[in-house]
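S.K.: turn this into a model:
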Amino acid sequence: MKLPWQPEPDELFALRGHGGQTFSDFVSALLRAEGSLRGLPATDVNTSTRVNIADGGVDAEVRSPLGGPLELAFPTCWQFKATLFSDFDEKDLSKEANKP
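M.R.: Got it, this is the predicted structure:
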């Protein structure tokens, strides 16, 4: 069964451009919607409006476990990258994941 927030890969192409802002807005909206569906207070889902500015921080923070189909049992932080997948490798991923 396909969930409503699971777009097909070719549907994501419409989210490219604009310095990553369109994609970031989309992911932030998904996080807020999922939090709402799970009964989280709106204050538990913090999304940034400065995602296209290098600030060294995360782009979104979910302060409570989301559970549900994502099975996220702990609070999470999210970093969105406005880059081509082919330009991002394991070394880059490890570097991002291990930032303070």
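S.K.: next, count neighbours for the residue nearest to A14 when sequence neighbours are not counted.
M.R.: In this structure, A14 finds its nearest non-sequential neighbour in T22, 7.9 Å apart by Cβ to Cβ, 6 or more residues apart in numbering. (Each C-beta comes from the backbone N, C-alpha and C, glycine too.) Counted with other Cβ atoms under 10 Å, the neighbours of T22 add up to 13.
S.K.: for T22, give me its contacts.
M.R.: Applying Cβ atoms under 8 Å, 6 or more residues apart in numbering, we find T22 in contact with 14-16.
S.K.: quick check: what element follows the longest helix along the chain along the chain?
M.R.: Longest helix of the chain, by residue count under DSSP state H: helix 21-37. Later in the chain than helix 21-37, the nearest helix or strand by DSSP states H and E is strand 45-47.
S.K.: per-residue confidence averaged over that following strand?
M.R.: Averaging pLDDT along strand 45-47 gives 89.
S.K.: chain center to that strand, what's the gap?
M.R.: Put simply, strand 45-47 sits 10 Å off its chain's centre (Cα atoms, centre = their mean, to the nearest Å).
S.K.: before we move on, back to that, export only the CA atoms of the longest helix of the chain, formatted as PDB.
M.R.: Extracted in PDB, the C-alpha atoms of helix 21-37 (Å, rounded to 0.1, in the frame of the first residue of the first chain):
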ATOM      1  CA  GLN A  21      13.700  26.000  -0.600                       C
ATOM      2  CA  THR A  22      10.800  24.100  -2.400                       C
ATOM      3  CA  PHE A  23      12.100  20.700  -1.300                       C
ATOM      4  CA  SER A  24      12.700  21.900   2.200                       C
ATOM      5  CA  ASP A  25       9.200  23.400   2.400                       C
ATOM      6  CA  PHE A  26       7.900  20.000   1.200                       C
ATOM      7  CA  VAL A  27       9.800  18.000   3.800                       C
ATOM      8  CA  SER A  28       8.900  20.400   6.600                       C
ATOM      9  CA  ALA A  29       5.300  20.200   5.700                       C
ATOM     10  CA  LEU A  30       5.500  16.400   5.800                       C
ATOM     11  CA  LEU A  31       7.100  16.400   9.200                       C
ATOM     12  CA  ARG A  32       4.400  18.800  10.600                       C
ATOM     13  CA  ALA A  33       1.600  16.800   9.100                       C
ATOM     14  CA  GLU A  34       3.000  13.500  10.400                       C
ATOM     15  CA  GLY A  35       3.400  15.100  13.900                       C
ATOM     16  CA  SER A  36      -0.200  16.300  13.800                       C
ATOM     17  CA  LEU A  37      -1.400  12.900  12.700                       C
END
